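Novice: can you look at this prediction? I've put the sequence above it.
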Amino acid sequence: MEGQDSGDTKQSTADMTQFVQTLLQQMQSRFQTMSDSIVTKIDEMGERINELEQSINDLRTEMGAEGSPSPLSTSKKPDEPKPDEGSA
């Protein structure tokens, strides 16, 4: 009977080893898939940022070509008193 127990133990160890190897392969495959997905999304975001920067530069160029003042320079007029100056 002891010989049979030794064989069962060896088989059990082999089964467990195979199970762990399969599990590790599945995990590696999933991590690789997630990694590829993340890299793809980062690349797409980089492209969208580049397009956005180009659009902003195009708008700046267009505004400069029309001779329009920038929105910052028209938002505050130096001749107007500040609200707290007029009440004194």
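Specialist: That came in fine, so what should we check first? Predicted model only: the values in this text are computed from it and were never measured.
Novice: tally of neighbours for residue 27?
Specialist: Neighbour count of residue 27, defined by other Cβ atoms under 10 Å: 10. Bear in mind the C-beta positions are built from the backbone N, C-alpha and C, glycine included.
Novice: now for the helix or strand where it lies, which elements pack on it?
Specialist: Residue 27 belongs to helix 2-66 when assigned by DSSP states H and E. Helix 2-66 is packed against no helix or strand, with contacts defined by 3 or more Cβ pairs under 8 Å, 6 or more residues apart in numbering; DSSP states H and E.
Novice: so for it, mean pLDDT?
Specialist: For helix 2-66, mean pLDDT is 92.
Novice: roughly how far does residue 66 sit from residue 13?
Specialist: In this view, residue 66 and residue 13 are 79 Å apart by Cβ to Cβ, to the nearest Å.
Novice: more neighbours: the two, which one.
Specialist: residue 13 (10 against 7).
Novice: wait, what's in contact with that one?
Specialist: By Cβ atoms under 8 Å, 6 or more residues apart in numbering, the contact list for residue 13 is empty.
Novice: and if you look at residue 53?
Specialist: Not one residue lies near residue 53 by Cβ under 8 Å, 6+ apart.
Novice: ok, it to residue 23 distance?
Specialist: Distance, residue 53 to residue 23, using Cβ to Cβ: 45 Å.
Novice: residue 38 too?
Specialist: Taken as Cβ to Cβ, the span from residue 38 to residue 23 is 22 Å.
Novice: now do residue 50
Specialist: Plainly put, residue 50 is 41 Å away from residue 23 if you go by Cβ to Cβ.
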